[in-house]
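1. no sequence for this one, just the structure:
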C-alpha cells in the first residue's frame, strides 16, 4: 500500500518537472517575443494564458502531493529504512524540480 503511494508521489514529481519544462519553454518564447521590435501582443497574451494554465496544473499537483504525503508521513518516519530507495528517488526529483524552478525564475527576471 505505501509502495503505491510512494509511486504516486514519484509520478507527481515527474509530472511537475515536465510541466516546469513546458513553463520554461513558454518563458523563453515570451522573452524572444519581447526582444523583437514589433511584438504581437495577442501572441504574448496567448503565451501568458498558456503559462497560467500550466501554473494551475502545478498547484493541483502540489496540493495532491501534500495531501498524499500527509497520509503516509508517519509510516515513512517509522520505517524509513524500508523505503530508502523510493524516498531517495523522490528527493532527487524534488531537487530537480527546485533547480528547474530557479532556472525559470532567472528567465522571468
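-> Nice, I can see it. Since we're looking at a predicted model, the values are computed, not measured.
2. C-alpha only now, for contacts and for neighbours.
-> Will do.
3. Going along the chain, name the helices of the protein.
-> Using DSSP state H, the helices of the chain run over 2-35, 41-78, 84-108.
4. Any chance of a markdown table for those helices, columns mean neighbour count?
-> Output for the helices of the chain, formatted as a markdown table (neighbours: other Cα atoms under 10 Å):
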| stretch | mean neighbour count |
| --- | --- |
| helix 2-35 | 17 |
| helix 41-78 | 14 |
| helix 84-108 | 15 |
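5. now those helices as TSV including mean pLDDT?
-> Below are the helices of the chain laid out as TSV (pLDDT from 0 to 100):
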stretch	mean pLDDT
helix 2-35	94
helix 41-78	94
helix 84-108	93
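6. Tell me which residues touch the residue positioned nearest the centre of the chain, please.
-> In the chain, the residue lying closest to the centroid (Cα atoms, centre = their mean) is residue 16, at 2.8 Å. Listed by Cα atoms under 8 Å, 6 or more residues apart in numbering, the contact set of residue 16 reads 58, 61, 97.
7. Over to residue 12?
-> 61, 65.
8. for residue 50, same thing?
-> residue 26.
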